[in-house]
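1. sequence and computational prediction follow.
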Amino acid sequence: MRFRSGRAALRSVGQAARHAQATLLLPDNLANLLRYGKATTVLTEINLNLSERY
């Protein structure tokens, strides 16, 4: 199963969670705003069972 996060194809829910955790370690600035948004979107889609799977 794979999930799409913008350009990154995440292979599992665990990988999506690790990606989100790594994102939270980055500084909260304008340069990382897009990554924060994508990580939040992917986790929300997984939680609502709306994510693309293939």
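-> Alright, I've got the coordinates. Because the structure is a prediction, the values reported are computed rather than measured.
2. any idea how far residue 11 is from residue 51?
-> 12 Å (Cβ to Cβ, to the nearest Å). In short, each C-beta sits where N, CA and C put it, glycine included.
3. ugh, wrong one, residue 41
-> Distance from residue 41 to residue 51, by Cβ to Cβ: 9 Å.
4. same check on residue 12?
-> Taken as Cβ to Cβ, the span from residue 12 to residue 51 is 11 Å.
5. same question for residue 16.
-> Residue 16 is 9 Å from residue 51, by Cβ to Cβ.
6. sec struct for residue 9, please.
-> strand (DSSP: H, G, I helix; E, B strand; the rest coil).
7. in the sheet, who's paired with it?
-> Following DSSP bridges, residue 9 is listed with bridge partners residue 4.
8. centre-most residue in the chain?
-> residue 39 (3.0 Å; Cα atoms, centre = their mean).
9. that residue: what's it in contact with?
-> 5, 19-20, 23-24 (Cβ atoms under 8 Å, 6 or more residues apart in numbering).
10. now do the same for it: its pLDDT.
-> Note for residue 39: predicted pLDDT of 91.
11. same check, this time on residue 7
-> Residue 7 carries a pLDDT value of 52.
12. go on, residue 54?
-> 62.
13. what helices or strands is the helix or strand hosting residue 23 leaning on?
-> Taking DSSP states H and E as the criterion, residue 23 maps to helix 13-24. Using 3 or more Cβ pairs under 8 Å, 6 or more residues apart in numbering; DSSP states H and E, the elements in contact with helix 13-24 are strand 3-5, strand 8-10, helix 33-47.
14. sorry, back to before: the more surrounded of residue 11 and residue 51?
-> residue 51 (20 against 10; other Cβ atoms under 10 Å).
15. wait, doesn't that one sit right on residue 42?
-> Yes: using Cβ atoms under 8 Å as the test, residue 51 is close enough to residue 42 to be in contact (6.9 Å).
16. still on that earlier bit, so the helix holding residue 23 versus helix 33-47, what angle?
-> Orientation check (axes from the mean of the first three to the mean of the last three Cα atoms, to 10 degrees): helix 13-24 against helix 33-47 gives 150 degrees.
17. show me which positions of helix 13-24 end up buried.
-> Going by neighbour count (16 or more other Cβ atoms under 10 Å), the buried part of helix 13-24 is 16, 19-20, 23.
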